[in-house]
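Peer 1: Prediction below, plus the sequence it came from.
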Amino acid sequence: MFGNVLYSFIAFVIALGILISIHEFGHFWVARRVGVKVLKFSIGFGKSLWSRRGKVDDTEFVVAAIPLGGYVKMLDEREGNVDPADAERAFNRKNVWARIAVVIAGPMANFILAILLYWLVMMIGISGVSPLLGDITPGSAADKAGFKFEDRIVSIENTATPTWSDARIALLKHALSGESSTTSSASGESAERRLQFEVETADGDNLVRELVVDGRGILKGDGDVVAKLGIQQWWPRVPAVIGMVQEGGAAAAAGLQVGDEVLTANGLPMETWRDWVLAVRDHPQQLMQLQLLRNGDVITMDLTPAERDAGDGQLIGFIGAAETLSQAEAQKARVTVSYPPLESLLRGIQRTWEMSVLTLKMLQKLLIGQASLENISGPISIAQFAGQSASIGIDHYLNFIALISISLAVLNLLPIPMLDGGHLLYYAFEVVFRRPVPERVQEIGQQIGILILGSLMALAFYNDIWRLAQ
């Protein structure tokens, strides 16, 4: 447990260090180019852990103790006395276009980093899982659309989907856009969209299935957007043979052993491991009568699954057991996707654009109440994602850093005082009205910005802690 936490923390700090350094370097590099004197370049806040002086302008470079941000401190007459010899190098003395260039350089550096990382990952190849469908939930949107076990999603609205990751991104992209056909009601246009899925069936036939997707519904609450449509990720159908028993769990307490095959549960045949899993889920804290095959003999046993919250208030059963037969067969669903250098670069630019637009749309849905606030994640969740992606492989870790880099860039461009976007809003006012925003207005804006950012941070931490408590 401690090892996993430490691993996630290290992966998080490395990722955050890269993102902050690139962002602040963007501000720093452009500031130098337009003639602004940089006094300090800090990665992190608080007590200095390491520092040195640069050869140009005696700039102080610092690595600080709290790795949750950074800053570039520039010479500015509004923040203290300035030597008359350096007055023309003060940030506030530069024309508005030079100030805009310095401010916007940070987010642009993050966008460029994302493009380069996607380019690298797409050249070396990123491993993933082919979008093969598992069992379809009866009565779900996917069931009504005619999806079948072992259908493979080839494309969504003509967007190729070689992996499950690509399928999820394409699904969100088109479900939240206004490009696909919509359904109408008495109250006007709804959030439902009819998306065209090209699939390859288990028999090798290529078909087009039309799936009705509720763009609002898939953003409500936490969880996998694909699962909300009744689609499960494919997993081999194997017999209900116990491959692992967790110490202290309900399975161990009942006497289940590795190698036991569950034949029936409450008189119903358990033909596959999935049948067994669903049976256990449906019986939290309820007695189950089992018939097992053990070493060639048929025996009976009583089992009472423990219960836990599935995350939506629904209580499900679990016993602390797993199967191991499917691991080797599951490898057939693994794929590695790579492209030539030029195509990788173009795809990197396209992916960065798509993820930026998707991030903005998600923020819009959050603001108007069409997406759950549970979708907001804080540093704890991001650290967990960092550790998970790093444990899978360097390709997934770089992909994770690219995604967070895009999020950082988009969030910083929001017109909120305290962020780069807030400063750009002030400069836009200055360009239009040919005078700066009054100091008093900027002070009020700063207070509002602190309130907004503080509230978002508190909500993100609350969501993180709530997830950990589940």
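Peer 2: Nice, thanks for sending it over. The structure displayed is predicted, hence computed values, not measured ones.
Peer 1: Which parts of the stretch 1-150 of the chain are strands?
Peer 2: 38-53, 60-74, 126-129, 133-136 (DSSP state E, counting those that start in this stretch).
Peer 1: Equivalent analysis for the stretch 251-400 of the chain, please.
Peer 2: Using DSSP E, counting those that start in this stretch, strands in the stretch 251-400 of the chain cover 261-265, 268-269, 288-294, 297-303, 306-309, 315-318, 321-322, 334-337.
Peer 1: what's the fourth one packed up against?
Peer 2: Which is strand 297-303. helix 250-254, strand 288-294 (3 or more Cβ pairs under 8 Å, 6 or more residues apart in numbering; DSSP states H and E). (C-beta placed from N, C-alpha, C; glycine too.)
Peer 1: Can you say which of the strands of the stretch 1-150 of the chain is nearest to R168?
Peer 2: Closest to R168 of the strands of the stretch 1-150 of the chain is strand 126-129 (Cβ to Cβ; 10.8 Å).
Peer 1: Return the set of buried residues in the closest one.
Peer 2: Neighbour counts over strand 126-129 (16 or more other Cβ atoms under 10 Å) mark 126, 128 as buried.
Peer 1: That one pairs with which strands, parallel or anti?
Peer 2: strand 334-337 (antiparallel) (DSSP bridges).
Peer 1: which residues touch the strand it pairs with?
Peer 2: Residues outside strand 334-337 that contact it (Cβ atoms under 8 Å, 6 or more residues apart in numbering): 122, 125-130, 162-163.
Peer 1: Contacts only, for V63.
Peer 2: 42-44, 48-51.
Peer 1: So for it, what's the nearest residue that isn't a sequence neighbour?
Peer 2: W50 (4.5 Å; Cβ to Cβ, 6 or more residues apart in numbering).
Peer 1: so how far is stretch 12-25 off the chain centroid?
Peer 2: 17 Å (Cα atoms, centre = their mean, to the nearest Å).
Peer 1: make that stretch 440-447, sorry
Peer 2: 33 Å.
Peer 1: so where do the helices sit in the stretch 351-470 of the chain?
Peer 2: 379-392, 394-412, 420-433, 439-469 (DSSP state H, counting those that start in this stretch).
Peer 1: Mind checking which of the contacts of V63 are buried?
Peer 2: 42-44.
Peer 1: Show the pLDDT at the nearest residue to A265 once chain neighbours are set aside.
Peer 2: In this structure, A265 finds its nearest non-sequential neighbour in A279, 4.6 Å apart by Cβ to Cβ, 6+ apart. Predicted confidence (pLDDT) for A279: 94.
Peer 1: Return stretch 48-68 as PDB; C-alpha atoms alone will do.
Peer 2: In PDB, the C-alpha atoms belonging to stretch 48-68 read as follows (Å, rounded to 0.1, in the frame of the first residue of the first chain):
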ATOM      1  CA  SER A  48      13.600  27.200  -1.300                       C
ATOM      2  CA  LEU A  49      15.100  23.800  -1.700                       C
ATOM      3  CA  TRP A  50      17.600  24.700  -4.400                       C
ATOM      4  CA  SER A  51      18.600  28.000  -6.000                       C
ATOM      5  CA  ARG A  52      21.200  29.600  -8.200                       C
ATOM      6  CA  ARG A  53      21.900  32.800 -10.000                       C
ATOM      7  CA  GLY A  54      21.900  33.100 -13.800                       C
ATOM      8  CA  LYS A  55      24.500  34.800 -15.800                       C
ATOM      9  CA  VAL A  56      22.000  37.100 -17.500                       C
ATOM     10  CA  ASP A  57      20.300  39.800 -15.400                       C
ATOM     11  CA  ASP A  58      21.400  37.800 -12.200                       C
ATOM     12  CA  THR A  59      18.000  36.000 -12.400                       C
ATOM     13  CA  GLU A  60      17.400  33.700  -9.500                       C
ATOM     14  CA  PHE A  61      16.300  30.100 -10.400                       C
ATOM     15  CA  VAL A  62      14.500  28.300  -7.600                       C
ATOM     16  CA  VAL A  63      13.000  24.900  -6.800                       C
ATOM     17  CA  ALA A  64      10.700  25.300  -3.900                       C
ATOM     18  CA  ALA A  65       9.100  22.900  -1.400                       C
ATOM     19  CA  ILE A  66       5.400  23.000  -2.500                       C
ATOM     20  CA  PRO A  67       5.300  21.500  -6.100                       C
ATOM     21  CA  LEU A  68       1.800  22.800  -6.900                       C
END
